[in-house]
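Peer 1: turn this into a structure:
(chains A and B)
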2 protein chains.
Amino acid sequence: MALLRDDPAKEVTDHGGSLLRAEALFPGAPKPWLDLSTGINPHPYPLSDISASAFQRLPEQAQLQALMDAAVEAYGAPDAMNVAAAPGTQILLPLVAGLAAGGKAAVLSPTYAEHRRAAAIAGHDVAEVSDFRALYDADLAVVVNPNNPDGHVTARTDLLHLAAHMRAKGGLLVVDEAFMDVGPRTEALDGDVEADGIVVLRSFGKFFGLAGIRLGFALAAQPTADILRARLGPWAVSGPALEIGRSALADLPWQAEMRERLTRQALDLDTLLAENGLTAAGGTPLFRFLRTVDAASLFRSLGKDGILVRNFRADPHALRIGLPGGDGEFHRLAQSLRRWRKAAGQPQ
Amino acid sequence: MALLRDDPAKEVTDHGGSLLRAEALFPGAPKPWLDLSTGINPHPYPLSDISASAFQRLPEQAQLQALMDAAVEAYGAPDAMNVAAAPGTQILLPLVAGLAAGGKAAVLSPTYAEHRRAAAIAGHDVAEVSDFRALYDADLAVVVNPNNPDGHVTARTDLLHLAAHMRAKGGLLVVDEAFMDVGPRTEALDGDVEADGIVVLRSFGKFFGLAGIRLGFALAAQPTADILRARLGPWAVSGPALEIGRSALADLPWQAEMRERLTRQALDLDTLLAENGLTAAGGTPLFRFLRTVDAASLFRSLGKDGILVRNFRADPHALRIGLPGGDGEFHRLAQSLRRWRKAAGQPQ
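Peer 2: A predicted model of the protein is given here:
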């Protein structure tokens, strides 16, 4: 399907998570697919009954306010007026990139490809830079923290220094904290957004394992958040997402427990990888990042066993592997890894 | 809650549908509220079970394609490539207004207030014009067809003539067909969008009675639809909305039956209004529009009985009344209208 074409700004890269694409690549693979190609939590926040009115009625402003209040608590933002709630972070990217006057954008890379596309849509000349210092020259600087896919963490002090520089020249720093729920939260900028020149993005669906409901947030100084709320309009977030999001964000004990659980499981996954001669080069508790010359053979071998991981066209030696959802899935991955290692004659 | 302020472009007008606002206005009203303040169908498309994966996984491109295909059938668009699906029509308004280069916008008025706000957000000077011919001077012309709240229908031939004029000068005609599901579909422009210079907006939630799921469409020539899809990104529509929307849009028999049912019920409502000395001055089968010097007293009297209708700050003699959902609701409205008529000493 050529949904998007002609213009580089329109080209959406594969982001993992497409089982139909997996089917096409590995038509003979055993079902069901074990999808480890995303960084979405395999242990979703439990869905309670959603009211019929959430589907039928227009969402009320008071429900949106309650969601914003819960986001303030969960993310440590200064105030609900610093929060703009959206139907997924994705739709925010061109809006946020457009807050900086058209000019030079720099994205700390390699990273999530949509930032580049969004900055181009917003009219910027976009450079993908690997050196943090190169961000200082831009009008719009984008950092994913912790980074996807390699898990690299940028220190909050470095980000605040960059933000002060951007603020002084009327530029904007965007920090995408899509995986900060499981990141080193001491490096989060959510509490710092009342200073101008910073927009922090938070994704609901990844950590809470509910990517399909589409819910994300921009945190910013109030005048900037005002602009984003105005563009999103009064009913940007669906009734079901309002109900689920509010409950989940307010459930701080579930969040604390889930962080520990994911951290333990990521360690288990690292151990399994090590048993098969693979060392995680980084990642977050929601995914591990591998760098190996065997990436292509491993991708194919797992794929033939019905296990989809994420490969990267621009980096053929890299793989990202999400967390298996339980013992059964872990065991299936373990078997497939051993099969691959034996076939490839890898050292134990 | 002062969510939006400071700037006229940020001010969201009341659109009806807020029971919390109704509570504040009529604190002693009997519960539950009978909400007739919107044009949302009180007979929602039946919700079948939504798959867990719709909530948990990122929506697949193939699901989006299936939704677009169903929209083509339901709306009579030329091709799925003419369709951009969004989380509600509302979020499309500034995006669509931004397709016309910043300049003069004209909105055929009085009408749905968000068009004015969206055009201002997109950087236009906005005029609200009451004469269709005044639209010819604008770079962005907006017509709601049939119009909300008065139900006025603009002829397709007039719209096509205006569109040709806009196309010739590089302008854009936006036709908001939010209520065209129950409108005179011979006047719809959905089949004409492959010609440049036209964007048609279609709302899912009103006719299907599922405003909370947030689903709307822009129909346009393919290059324009490409731009909108690029800005919305790959996962703009939630998993639940994709599943529900696809089923409902493909269910043409339900749609045909619902059109007849709503038309019958609108006639019943007109009869009831007439019995109480009130003549509908217009509307669509989803709502009736009243113009009466007694609008304020009627609004208050119904409100005290727990029945919310829509009044208009800028037009104190106008009211919009949505369809009651069944015999019980109809009876409650009938009783309240009779009570008002007696108290006011209105002639039968």
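Peer 1: can you give me the helices in chain A?
Peer 2: Counting by DSSP state H, one finds helices in chain A at the ranges A:19-25, A:52-56, A:61-75, A:92-97, A:114-121, A:156-168, A:222-232, A:239-250, A:252-275, A:295-304, A:327-344.
Peer 1: got the buried residues for the lowest-mean-pLDDT helix or strand in chain A?
Peer 2: Least confident element among the helices and strands of chain A, by mean pLDDT, DSSP states H and E: helix A:19-25 (a mean of 88). Neighbour-count burial for helix A:19-25 flags A:L19, A:R21, A:A22 (criterion: 16 or more other Cβ atoms under 10 Å in any protein chain shown). C-beta here means a position set from N, CA and C on the backbone, and glycine is covered the same way.
Peer 1: circling back: out of the helices of chain A, which gets nearest to B:K31?
Peer 2: Proximity to B:K31, assessed across the helices of chain A by Cβ to Cβ, is greatest for helix A:52-56 (14.0 Å).
Peer 1: does the closest one come close to chain B?
Peer 2: Yes. Helix A:52-56 is in contact with chain B by Cβ under 8 Å from any Cβ of the partner chain, via A:A52, A:S53, A:A54, A:F55, A:Q56.
Peer 1: next one: phi and psi at A:D79?
Peer 2: The phi/psi pair for A:D79 (degrees, to the nearest 10) reads phi -160, psi 160.
Peer 1: that one - nearest residue in space that isn't next to it in sequence?
Peer 2: Nearest in space to A:D79, with sequence neighbours left out and distances taken as Cβ to Cβ, 6 or more residues apart in numbering or on different chains, is A:V72 at 6.5 Å.
Peer 1: need the contact list for that neighbour.
Peer 2: Counting by Cβ atoms under 8 Å, 6 or more residues apart in numbering or on different chains, A:V72 touches A:P78, A:D79, A:A80, A:N82, A:V83.
Peer 1: of those, buried ones?
Peer 2: By neighbour count, with 16+ other Cβ under 10 Å, these hold A:P78, A:A80, A:N82, A:V83 as buried.
Peer 1: okay if I get the residues you listed as CSV plus distance to A:N311?
Peer 2: Below are these laid out as CSV (distance: Cβ to Cβ, whole Å):
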residue, distance to A:N311
A:P78, 40
A:A80, 41
A:N82, 38
A:V83, 36
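Peer 1: closest to A:P285 among the residues you listed?
Peer 2: A:V83 (24.8 Å).
Peer 1: leaving out chain neighbours, which residue sits closest to that closest one?
Peer 2: A:M68 (4.4 Å).
Peer 1: so what's the one you found up against?
Peer 2: A:M68 sits in contact with A:A80, A:V83, A:A85, where contact means Cβ under 8 Å, 6+ apart.
Peer 1: how about the residues of the stretch 101-250 of chain A by chain B?
Peer 2: So the stretch 101-250 of chain A meets chain B at A:114, A:117, A:121, A:205, A:209-214, A:223, A:226-227, A:229-241, A:244 (Cβ under 8 Å from any Cβ).
Peer 1: just to revisit the earlier point, select, out of the helices of chain A, the one closest to A:V129.
Peer 2: helix A:114-121 (11.1 Å).
Peer 1: pLDDT weak spots in the stretch 201-348 of chain A?
Peer 2: For the stretch 201-348 of chain A, the stretches flagged by pLDDT under 70 are A:345-348.
Peer 1: how close does A:A84 get to A:A71?
Peer 2: A:A84 is 10 Å from A:A71, where distance means Cβ to Cβ, to the nearest Å.
Peer 1: overlap of the contact sets of the two?
Peer 2: A:F217, A:L219.
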